[in-house]
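Q: here is a sequence with its predicted model. Questions after.
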Amino acid sequence: QVQLVESGGGLVQAGGSLRLSCAGSGRTLSTYAMGWFRQAPGKEREFVAAISQSGAITRYVDSVKGRFTISRDNAKNTLYLQMNSLEPEDTAVYYCTAARSFTFATMAEATANSWGKGTLVTVSS
């Protein structure tokens, strides 16, 4: 399995921006569809965004459309999530996942996915 490490989280005021990164090791990420999920305290893990192996196809949860952008740099074996216009409701631990298919990259319950340990994003009002 590929190993994933997220970074870039932190404390930001509402309306601010953060860029999350997910670095892969052990295997090349170019063969995986990738996704971002988040989990707020007391809530289930929620799909945020996904991107196909080539980067040509992306999908977002409605609540982040127009504010978040998922991208990847296969040469750097890294996945990104640019988050703009952040809201307090975006506060959560953000996880990246590597999946064998685009569909699985949108599914928190896909047991074969590889997951990072997460990075905390806190948005203050």
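A: Cool, the structure landed. Here the structure is a predicted model, which is why all the values come from computation and not from measurement.
Q: now the strands for this structure?
A: 3-7, 10-13, 18-25, 33-39, 46-51, 58-60, 68-73, 78-83, 92-99, 114-115, 119-124 (DSSP state E).
Q: do you know the pLDDT at the closest residue to Arg67 other than its chain neighbours?
A: Once flanking residues are discounted, Arg67 sits nearest to Ser85: 4.7 Å by C-beta to C-beta, 6 or more residues apart in numbering. The C-beta positions use only the backbone N, C-alpha and C, and glycine is treated the same way. Looking at Ser85, its pLDDT is 98.
Q: over to Thr97?
A: Turning to Thr97, the model gives it a pLDDT of 97.
Q: for it, name its beta-bridge partners.
A: Gly35, Trp115 (DSSP bridges).
Q: what of Leu20?
A: Beta-bridge partners of Leu20, counted by DSSP bridges, are Leu81.
Q: what sits against it?
A: By C-beta atoms under 8 Å, 6 or more residues apart in numbering, Leu20 lies in contact with Glu6, Ser7, Gly8, Gly9, Trp36, Tyr80, Leu81, Met83, Tyr94, Cys96, Thr119, Val121.
Q: who wins on neighbours among these?
A: Comparing the contacts of Leu20 on neighbour count, Cys96 comes out first with 32 neighbours (neighbours: other C-beta atoms under 10 Å).
Q: from Asn84, how far out is the closest residue to Cys22 other than its chain neighbours?
A: Of all residues beyond its chain neighbours, the one nearest Cys22 is Cys96 (3.4 Å), with distances taken as C-beta to C-beta, 6+ apart. Distance of Cys96 to Asn84, given as C-beta to C-beta, to the nearest Å: 18 Å.
Q: wait, Gln53 touches Thr28, no?
A: No - using C-beta atoms under 8 Å, Gln53 makes no contact with Thr28, being 10.3 Å away.
Q: confirm for me that Val121 is in contact with Asp90.
A: Yes - judged on C-beta under 8 Å, Val121 makes contact with Asp90 at a distance of 6.4 Å.
Q: any common contacting residues for these two?
A: Common neighbours of Val121 and Asp90 (C-beta under 8 Å, 6+ apart) are Arg38, Met83.
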